[in-house]
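Engineer: Below are the sequence and a predicted model for it; my questions follow.
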Amino acid sequence: MSQQTTIRKLAELVNTPVEKLLEQLAQAGMKFSGPDQIVTSAEKVKLLGFLRRSHGKEEQPAEEAEAAPKKITLNRRKVQEVTVNAGRSKTTVNVEVRQKRTYVKPEGGKTAMTPDEERADILRKLEESRQRNLDEQRMLAEKDRLRDEEIAARQKAAEEAERQREDAARKAAEDAIKAAEAPPAPAVRQPIIEELAKPRKAPAASRAAAATPAAPARDDRGGAAAKPGNKSRGSDGDGGNRFGGQLHLSAADRARRGNSNNNSRGRPGGRAPQGRRGNEQSRSGAGSHGFERPTAPVVREVAIGDTITVADLAQKLALKGGEVVKALFKMGVMATITQSIDHDTAALVTEELGHTVVRASNNDAEDALLAIADTNQGEAVPRPPVVTIMGHVDHGKTSLLDYIRRTKVATGEAGGITQHIGAYHVTTPKGVISFLDTPGHAAFSSMRARGAQLTDVVVVVVAADDGVMPQTKEAIKHARAANAPIVVAINKIDKSSADPMRVKNELLAEQVVAEDFGGDIQMVEISAKTGLGIDDLLDAISLQAELLELKAVAEGRASGVVIESSLDKGRGPVATVLVQQGTLKKGDYLVCGIQYGRVRALFDETGSQAAEAGPSIPVQVLGLSGVPEAGDDFVVVEDERLAKEVAQTRETKRRESRLVATAGSRMEDIMAQLGKGEGQQVLNLLIKADVQGSVQALSQALVALSNDDIRINVIHSGVGGITESDANSAAASKATVIGFNVRADASARRIIESHGVDLRYFSIIYDVIDQVKQVASGLLGVEIREEIIGIAEVRDVFRSSKLGAIAGCMVVEGVVKRNKPIRVLRDSVVVFEGELESLRRFKENVEEVRNGTECGIGVKAYNDVKPGDQIECFERIEVPRTL
Ligand SMILES: Nc1nc2c(ncn2[C@@H]2O[C@H](COP(=O)(O)OP(=O)(O)OP(=O)(O)O)[C@@H](O)[C@H]2O)c(=O)[nH]1
């Protein structure tokens, strides 16, 4: 205080008006003429003494006053932003922190306050504190008043907006009805503009009234009618209050959600979302923070088909899987999230959870597909015929197809190398003909499975030197069943022993009457070896096709059938499809059986890329999600989403129907049915064996086992490995496949697995008979089953004078064990059964070799192992029969 200062500065310093300070100075006996006059330290001390006196304190001497403890009181006000985390969202509030701190600096020999002074000091402090409290309360009361005013104003505005919206909606509806009679366009627009504009104006007025700028605009779109008493909203300055209210609100909502079944959707009648983001909330179901959830339960209408997985149901209900599992559990249903539940259970749990159910057709996606197909209808134009060649073994089917392909298929830029793609088309002077180069049975059995027509004309090949044989008859039967006209190719007429007349006569017995016998069946004498008569055969086919007047829509989206499919290491899933309608193009989205995808590339039979393929044209398709099955249909759809949806629905249905289909077809199931008085059971068998003798012996012996309870029916039997067509037939007729010294090839295994066909391998006739007999007599016992534990492929054969033939092998499946019995398979047929002499890896004898590993195998007492053979290692296990 030793510095000199002006009265004005001093007034500023002590926070007193200049006039008042001048007055106080005058009262203290110091005369000053204006605020800019200098005040000395002594004068300041004098003024202090006066002021003390006037406040009831004794004046202290100037020196004492100068030496009095210095006291500094600091008031600090700090406004902070605090982020509050609650529920799923967070918000930021302003918090004001007030701090007051008093520093007292004692000096040297400080004189202690007298008790009176202390009391006075305390009283003064109390008075100050009371005053402060009063001020604060007044301020808070003022804030509350402002907030209440604002809430009331906003509430009024919201109600007004709501009324206007309803009016507008009503008016719009009325106008729409009017518009249906006479179309006045702007009548509908007007209310919408009003609706958008008015709610904003109303809060603006209330904003002026309520001093706190609490952003009324943010509430106008929430469109909520706030209830009085919900004072949780309001200015941001009172964050704590607001949160408290919102938490309470949210808890109440939760309780309400749990207890009641308020069906109001969209706009609840009661408390509505009042948050800052009311608008977003209503769309997304979750606002910016947890307090702003929709205050009324959202009732969803879910479409449920015959079955649905718990996970899918949860997704439809927008719930967590666990919640649905829990609800099911409460109902006494134990289900995991991946498990399928039936419609009734799903409907019950859905209603339990407060939602409604509608019955969905499982064919929704298919219906969408059909709708697309319907729109596909354009003008039908003539299309090439699709021909299948069938006939008895060795009568020359392959030779005929080869000859046609070799000589007639246009060679492309790929250097004339024709590819085997299961089908091809040839151009003759009389038009294009498409040949299905698949085993005839496959074409028919997959067709039967789908109930669709694939082949237009069947060419039955009969060797002129051999005549009508069993498979000739079968081919005729297939053609008749499919309602496909027959053209007979009497082959091998180049042979001296050829007797075409005999063939025609024998065919007469099958009611296949040649034209020259007064019938309507074209018969052409050919030689697949020399090419004689082949052109005549093609002409005959073209003529037959003309009679059929085959037509298809060439424009628009393609649809057709899969003829062959495989998984190519480099190219992924490859499907050969036959287009039946429309035109298949590169880039098309298609659904193909249970697979879907976008056509990445198309290849024709010459191996060259094709831009498109029209009706009756076979083409290879790349770009599918997986390998479809032969016989699957394909349809081009608009987008990938629909393709995926249909494919997935089909997969689910196929899986379910497979479970249903396999039930009742297995031996065990039949045994289960036996003795239950449910009539005679039928056990369908498909028998394949290595030699004709075994086929006949097995068929006769097994059929003879039929009794009153069970009828054993051999649906098909034959020599050779189990093929895709066998597997298809077995799947179609729910037959058990018996492989006697033969094995299923890879494509057959795929079908067997996917259709759940019961396949059993045997090598002893007695075992087969015994097993079927046990089934037939309803006996339970121990079943000896052979389990193949490993397969090794022979890559090379080394001969050593000491060890004999050593097969250099690669184990391609499972594990090959040295002490287990083995069989040597050639072209899926067992050629030897015995045991291993040696099993080596790098000259070391080992006990077992696993999948993917090379090894050397010496077969005991068998030196005829050849590259390409398979060595199958198996074990016999006893399985107790179970019902
Ligand atoms: N001389 C003569 N031999 C033929 C003719 N066509 C086929 N062959 C022979 O008959 C045998 C069987 O012919 P494939 O074409 O394999 O008969 P396939 O009907 O396809 O027989 P699978 O495939 O076993 O059902 C082969 O040795 C052919 O060379 C022909 O027109 N003349």
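Structural biologist: That came through fine. These numbers come from a predicted model, not from an experiment.
Engineer: helices or strands up against the strand or helix carrying residue 133?
Structural biologist: Here residue 133, judged by DSSP states H and E, is contained in helix 115-181. Under the contact criterion of 3 or more CB pairs under 8 Å, 6 or more residues apart in numbering; DSSP states H and E, helix 115-181 touches helix 186-209, helix 217-220. Every C-beta, even on glycine, is put in place using the N, C-alpha and C of the backbone.
Engineer: if you set the cut-off to 10 Å instead, what comes out?
Structural biologist: strand 89-105, helix 186-209, helix 217-220, helix 239-259 (3 or more CB pairs under 10 Å, 6 or more residues apart in numbering; DSSP states H and E).
Engineer: Quick one: mean pLDDT over it.
Structural biologist: Averaged across helix 115-181, pLDDT comes to 76.
Engineer: cool, stretch 303-320 as well?
Structural biologist: Per-residue scores along stretch 303-320 average to 84.
Engineer: and what of stretch 397-417?
Structural biologist: According to the model, stretch 397-417 has a mean pLDDT of 65.
Engineer: now the strands for the stretch 751-883 of the chain?
Structural biologist: Taking DSSP state E, counting those that start in this stretch as the criterion, the stretch 751-883 of the chain carries its strands at 759-762, 782-800, 804-817, 821-826, 829-841, 844-845, 848-850, 854-859, 870-880.
Engineer: Adding mean pLDDT, write the ones you listed out as CSV.
Structural biologist: Formatted as CSV, the strands of the stretch 751-883 of the chain follow (pLDDT from 0 to 100):
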stretch, mean pLDDT
strand 759-762, 87
strand 782-800, 85
strand 804-817, 91
strand 821-826, 92
strand 829-841, 89
strand 844-845, 88
strand 848-850, 91
strand 854-859, 91
strand 870-880, 83
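Engineer: Tabulate those (a markdown table), appending distance to the ligand and mean neighbour count.
Structural biologist: As requested, the strands of the stretch 751-883 of the chain are exported to a markdown table (distance: least, CB to the nearest ligand atom, whole Å; neighbours: other CB atoms under 10 Å):
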| stretch | distance to the ligand | mean neighbour count |
| --- | --- | --- |
| strand 759-762 | 23 | 21 |
| strand 782-800 | 24 | 16 |
| strand 804-817 | 26 | 19 |
| strand 821-826 | 16 | 21 |
| strand 829-841 | 14 | 17 |
| strand 844-845 | 42 | 9 |
| strand 848-850 | 35 | 18 |
| strand 854-859 | 28 | 21 |
| strand 870-880 | 21 | 16 |
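Engineer: closest to residue 126 out of those?
Structural biologist: Among those, the nearest to residue 126 by CB to CB is strand 848-850 (92.3 Å).
Engineer: What is that closest one packed up against?
Structural biologist: strand 782-800, strand 804-817, strand 829-841, strand 854-859.
Engineer: For residue 47, see how far away residue 11 is.
Structural biologist: 12 Å (CB to CB, to the nearest Å).
Engineer: Also residue 751?
Structural biologist: 112 Å.
Engineer: Give me the more crowded residue out of the two.
Structural biologist: Each of residue 751 and residue 47 has its neighbours counted (other CB atoms under 10 Å); residue 751 has more, 26 against 20.
Engineer: Without its sequence neighbours, what residue ends up closest to the more buried one?
Structural biologist: residue 727 (3.8 Å; CB to CB, 6 or more residues apart in numbering).
Engineer: Then residue 351?
Structural biologist: residue 357 (6.6 Å).
Engineer: Repeat that for residue 459.
Structural biologist: Using CB to CB, 6+ apart, the closest residue to residue 459 is residue 389 (4.6 Å).
Engineer: What are the buried residues along the helix or strand encompassing the one you found?
Structural biologist: Assessed by DSSP H and E, residue 389 sits inside strand 386-391. Of all the residues in strand 386-391, those buried under the rule 16 or more other CB atoms under 10 Å are 386-391.
Engineer: Those: which two are farthest apart?
Structural biologist: Once CB to CB is applied, those give 386 and 391 as the farthest pair, at 17.5 Å.
Engineer: Is it correct that the residue nearest to residue 459 is in contact with residue 396?
Structural biologist: Yes - counting by CB atoms under 10 Å, residue 396 is a contact partner of residue 389 at 9.3 Å.
Engineer: Quick check: neighbours shared by these two?
Structural biologist: Listed contacts common to residue 389 and residue 396 are 461, 489; contacts here mean CB atoms under 10 Å, 6 or more residues apart in numbering.
Engineer: residue of the stretch 601-750 of the chain with the smallest distance to the ligand?
Structural biologist: Nearest to the ligand in the stretch 601-750 of the chain, going by CB to the nearest ligand atom, is residue 720, at a distance of 8.8 Å.
Engineer: Please name the bridge partners of residue 684.
Structural biologist: residue 713 (DSSP bridges).
Engineer: Measure how buried it is and give me the count.
Structural biologist: Should you count by other CB under 10 Å, residue 684 turns out to have 20 residues around it.
Engineer: just to revisit the earlier point, now do the residue nearest to residue 459 against residue 560, distance only.
Structural biologist: 20 Å.
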